[in-house]
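Chemist: Show me how the following folds:
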Amino acid sequence: MKFLKEKELWLILFVLGVIILNYPLITIFNQLIFIAGYPLFFIYLNLGWIISIFVIYLYSRGID
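Modeler: Sure, this is the predicted structure:
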């Protein structure tokens, strides 16, 4: 990823986060399906949030 500038990569990460939380994908996971007692929509939002934070953490650790 050294060929991308830092600003460009942050912009890509932001756009991916917006796409994950955008209308078409949210409607796919907004179903009455329960996994371990939790709705699929709740799991999707939480996993998306956790993965986003983890990717940003890995990227920020790689900058140093």
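
Chemist: need the longest helix for the protein.
Modeler: Longest helix of the chain, by residue count under DSSP state H: helix 40-63.

Chemist: Just the buried residues of that one, please?
Modeler: For helix 40-63, the neighbour count (16 or more other CB atoms under 10 Å) marks 41, 44-45, 48, 52 as buried. C-betas here are computed from N, CA, C, even on glycine.

Chemist: and that helix, how far out from the chain's middle?
Modeler: 5 Å (CA atoms, centre = their mean, to the nearest Å).

Chemist: So which elements touch the helix or strand harbouring Ile19?
Modeler: Per DSSP states H and E, Ile19 falls inside helix 6-20. With contacts defined as 3 or more CB pairs under 8 Å, 6 or more residues apart in numbering; DSSP states H and E, helix 6-20 has these neighbours: helix 40-63.

Chemist: chain center to the helix-or-strand element of the chain with minimal mean pLDDT, what's the gap?
Modeler: Within the chain, no helix or strand scores below helix 6-20, which has a mean of 85 by mean pLDDT, DSSP states H and E. In this view, helix 6-20 has its centroid 10 Å away from the chain centroid, taken as CA atoms, centre = their mean.
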